[in-house]
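Asks: Here you go, sequence then predicted model.
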Amino acid sequence: MDIATLIGIGGAFLLIIVSIVIGGSPGAFINIPSLLITVGGGLAAGMAGFPMGEFINGLKAMLKALNPGMPNPIEEIDFLTDVAKKARKEGILALESDIDTFYSRDPFFGGIMRMLIDGLEIEEIRSTAEASMAQIEQKLSTEVSVWESLGDLFPAFGMIGTLIGLIQMLQNLSDPSALGPGMAVAMITTLYGAILAYTLCIPISKKLKYYKDLKMLFLEAYLLTAEAIEKGVNPNILRQKLAGLFGVEVEEG
């Protein structure tokens, strides 16, 4: 669980709600037509920009920002170093008994190790792995793009709603008592758009991008490990390379 995402988004919404309640008129901030045009319009326009399946998967990716399910880089470095040590000591074929563990840890890693154990050339393994990495990166980038798009669209539809409200308000200039409430309703859509963009969509897109970049580092680490095993590289050297890849410090094993 990513506590920072949960606290950050939850805290932002809570502070806004508390400020509204302290102001003494929370009911004035609830307007169904404004919600429809801001939320509904933003989602509809966002859907138009992506294939249906990718758009839905992008929305579901919000859960990844809350619970990415990724291992700790240092723990993963230790694991990969241990795999390299076993291969160097007992031979590559000795890794056959761990293949299920590799797949359960990451299907990408399992696939690489399967090819390595089966005796494929490292050039062929790298070519296959890089094609798979490109597909994974494309999928993750689309998830980020969905939330970036919504972060742009919600404020835009909030402004559209405000313009609609202003036009309707101007039609009632003959009734001065209606101008104040009319202006308030017109501004609510802009508020909705800003809240959705800056407290939800933009934070989610940034966190998804962070985890996308981290995921690609893990994939590169798995490929580096396979290459090191195939070439018989000293596991301690591999350990330092992996530490440099992730930008962390590790003790020599």
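Replies: Now that the structure is in, tell me what you want to look at.

Asks: and the gap between Ile160 and Ala186?
Replies: 11 Å (C-beta to C-beta, to the nearest Å). (Each C-beta comes from the backbone N, C-alpha and C, glycine too.)

Asks: Just the CA trace of the stretch of helix or strand Pro33 belongs to, in PDB.
Replies: Secondary-structure assignment from DSSP states H and E places Pro33 in helix 32-35. What follows is helix 32-35, C-alpha atoms only, in PDB (Å, rounded to 0.1, in the frame of the first residue of the first chain):
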ATOM      1  CA  ILE A  32     -26.100  18.400  -9.900                       C
ATOM      2  CA  PRO A  33     -26.000  20.000 -13.400                       C
ATOM      3  CA  SER A  34     -22.500  21.300 -12.700                       C
ATOM      4  CA  LEU A  35     -21.400  17.800 -11.700                       C
END
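
Asks: so what does it touch, helix or strand wise?
Replies: Using 3 or more C-beta pairs under 8 Å, 6 or more residues apart in numbering; DSSP states H and E, the elements in contact with helix 32-35 are helix 122-170, helix 179-196.

Asks: Which one of Ile160 and Ala186 is surrounded by more residues?
Replies: Using other C-beta atoms under 10 Å, the more surrounded residue of Ile160 and Ala186 is Ala186, with 21 against 17.

Asks: dump the residue contacts of the more buried one.
Replies: 161-162, 164-166, 168-169 (C-beta atoms under 8 Å, 6 or more residues apart in numbering).

Asks: Out of these, who's the most crowded?
Replies: Gly161 (27 neighbours).

Asks: Surely that residue is in contact with Leu191?
Replies: No: using C-beta atoms under 8 Å, Gly161 is not in contact with Leu191, being 10.0 Å away.
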